[in-house]
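**Student:** requesting a structural model of the entry that follows:
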Amino acid sequence: MNSLDLMNKVLSMEIGDRIPFCPAIYEHKGFLIGKTPSEICRDPDLLVEGLLAEYERYKPDFLTVGIDVYNVEAEALGCKIVYFDDSPDVPGVEDYPIKNLADIDKLKIPDPTKDGRMPLYLEAAKKLHEKVGHEIKIRGAITGPFSLASELMGAENFIVMTMQDPQYTVKLMEFTARVAAAFGKAFIDIGIDPIIFDSRAMPPLCSPQIFQDIVSKVYRRILIPELKKAGAKQIPLIIGGDTTPILDAIIDTDTTQILCDFEGDIELFKKKAIDHNLPMRVNVDPRLLHLGPIDKIQDFTMNILNKCWDHPGFILGTGVAAYDCPPEHIDAVRACLDKDYKNWVPTRPIFKQQRQQTEAIVIEEEPGYPEDLEPVLRELAEAIEEGEEDDVVDLVEEALNDDIPPGEIVDRAMIPAMDVIGYRFAQKQLFVPEMLISARAMSEGLKILRPLIAKTGAKPVGRVLLGTVKGDIHDIGKNLVGMMLEGAGFEILDLGVNVPVERFIAALKENDIHMIGMSALLTTTMNYMGRVIEALKDEGMRDTVKVLIGGAPINEKFCDKIDADYYADSAADGVIAAKQALADLKAMGISA
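**Tutor:** Got it, this is the predicted structure:
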């Protein structure tokens, strides 16, 4: 049974002669042929070469035509993409076409046969289909409506918009759903089913309530019916991260295949998938895939196989392989398919980086406010919790008119309010949109108070240098950490995104800062953090600078590997880590 026959059976919920293997190979295609992602994503012949190299090297059971998946439709709609021809970093959106609400009316659905790089991907898909389509299933990558809306507006702005203006959110997502449908239909016209990627819609970036009330319904009303009407037989929906809280809503989209990423509840996903007659892919942790060692990669894989082998629609997958992921690590996952996974028994704990392993740094009881808190400050704290920017400004002015010192306003109302928000986020009582709205409201108050505090001669509790490392232009996590740290009394120097090591070092020296926070969203760029730390050592600065790191691909193991000092799993954890760094520096006699 070849790969095409196998996938057709498994996607029909029939047991094949083996379990399909479908690693997530995107930028890693470039590694296989000695080209950068920016080179391969702009040349159809290189893209086909990379796909064929993937097919030859890893023997996957389907191939996805995609590299920088979330950029293609976005670029055709006017997003400015930054490319990295001299490095293996993945291209990303640098500027957005939607600056205000009226801009959506200026956008038109692009023509996949003419606009941007969409024709390039169609050409590559057609060539690949002609070469190997008779023996392996080929899918064309399209961007889901939530993720495309995030690209067009900027992730932070769109995520806040989902809470503050649901009507506009629906309007924008209906447009992006039709864009995705147009691209998907173009793939269908050349005999290739689309595969939808929408990982920006995962919790905690999108609240489960918003996903259920808006996102799922846009899929069910527009995107999925349009693709089925065009002739799509299979329409997988790929949303990474722990999507357990939105699993029912994902199924309600009417997708034909779901993904249980490495953080998901495998048993629950399996039960729901069988109940709804859905194929299910389960992923190996991409951080473990990249870092190894092989024996732990195989333990993780065997655990998945042992739990899922009897689901007729089960597909073994991986998280996205980094550009320079060791090929033998991917081979190690596939090799498990030849082992006795049905009778496998773990001999040691399975590596699984979950929040429980970092939760200890978050306080166990919900913070509160001083019992003698003035009524205006209590109202101010509640306004921050609710994210009411105008009320925050008015209440700060009222508190100042009541002769409450600006430092006291911050210490007694604003910092405790953000402590409450951080605690509730850690407890999954709220999500990134609510945190952003509260942090933005707090920032509006700080704009008034900061110069007044400076006049008193009062100093911040500490200063932190922030930046997203070179090759990575994602900033939502970094921005949120910065706002949360400001709310905790820290002064922030934010270098922005795509920051090279030289800028980090120069800024530390010029500003005499002893705490640095680095962010990375991509497995491709996370290793750059280690280069910054090595530069600190070369400059003789490592002993006097505390290094905090965070981001989606980061875990405690990676933190230890590159000799960083603290790993934060969330913005709330980042504040606590910064406070610990501050205490450690003071214990060393260093003023931060």
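
**Student:** output stretch 124-138 as CSV, nothing but the C-alphas.
**Tutor:** Extracted as CSV, the C-alpha positions of stretch 124-138 are listed here (Å, rounded to 0.1, in the frame of the first residue of the first chain):
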residue,chain,number,x,y,z
ALA,A,124,4.9,24.4,-7.3
ALA,A,125,1.8,22.3,-6.3
LYS,A,126,1.0,21.5,-9.9
LYS,A,127,4.6,20.4,-10.7
LEU,A,128,4.8,18.3,-7.5
HIS,A,129,1.5,16.7,-8.3
GLU,A,130,2.7,15.7,-11.8
LYS,A,131,5.9,14.2,-10.3
VAL,A,132,4.6,12.2,-7.3
GLY,A,133,0.9,12.8,-7.0
HIS,A,134,0.2,9.2,-8.1
GLU,A,135,1.9,7.9,-5.0
ILE,A,136,1.5,10.4,-2.2
LYS,A,137,-1.2,12.9,-1.1
ILE,A,138,-0.4,16.5,-1.7
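
**Student:** distance between stretch 384-399 and the chain's centre?
**Tutor:** 31 Å (CA atoms, centre = their mean, to the nearest Å).

**Student:** what do you get for stretch 457-464?
**Tutor:** For stretch 457-464 - counting by CA atoms, centre = their mean - the centre lies 31 Å from the chain centre.

**Student:** then stretch 538-557?
**Tutor:** For stretch 538-557, the distance to the chain centre is 20 Å (CA atoms, centre = their mean).

**Student:** repeat for stretch 107-121
**Tutor:** Distance of stretch 107-121 from its chain centroid, counting by CA atoms, centre = their mean, is 25 Å.

**Student:** make sure Tyr567 is indeed in a strand.
**Tutor:** Yes. Counting by DSSP: H, G, I helix; E, B strand; the rest coil, Tyr567 is found in a strand.

**Student:** and the closest residue to it other than its chain neighbours, what does it touch?
**Tutor:** Using CB to CB, 6 or more residues apart in numbering and skipping residues adjacent in sequence, the residue nearest Tyr567 is Cys559, 3.8 Å away. Bear in mind the C-beta positions are built from the backbone N, C-alpha and C, glycine included. Each residue near Cys559 by CB atoms under 8 Å, 6 or more residues apart in numbering is listed here: 549, 566-567.

**Student:** among those, who's most crowded?
**Tutor:** Ranked by neighbour count (other CB atoms under 10 Å), the contacts of Cys559 have Ile549 at the top, with 27 neighbours.

**Student:** my read is it is in a strand, agree?
**Tutor:** Yes. Judged by three-state DSSP, Ile549 forms part of a strand.

**Student:** can you start the count at 19 instead of 1 from here on
**Tutor:** I'll keep to 19 as the first residue from here, and by that count the last item is Ile567.

**Student:** for the stretch 69-218 of the chain, which spans come out with low pLDDT?
**Tutor:** Scanning the stretch 69-218 of the chain for pLDDT under 70 picks out nothing.

**Student:** doesn't Leu566 make contact with Gly535?
**Tutor:** Yes. With contacts counted by CB atoms under 8 Å, Gly535 reaches Leu566, the gap being 4.4 Å.
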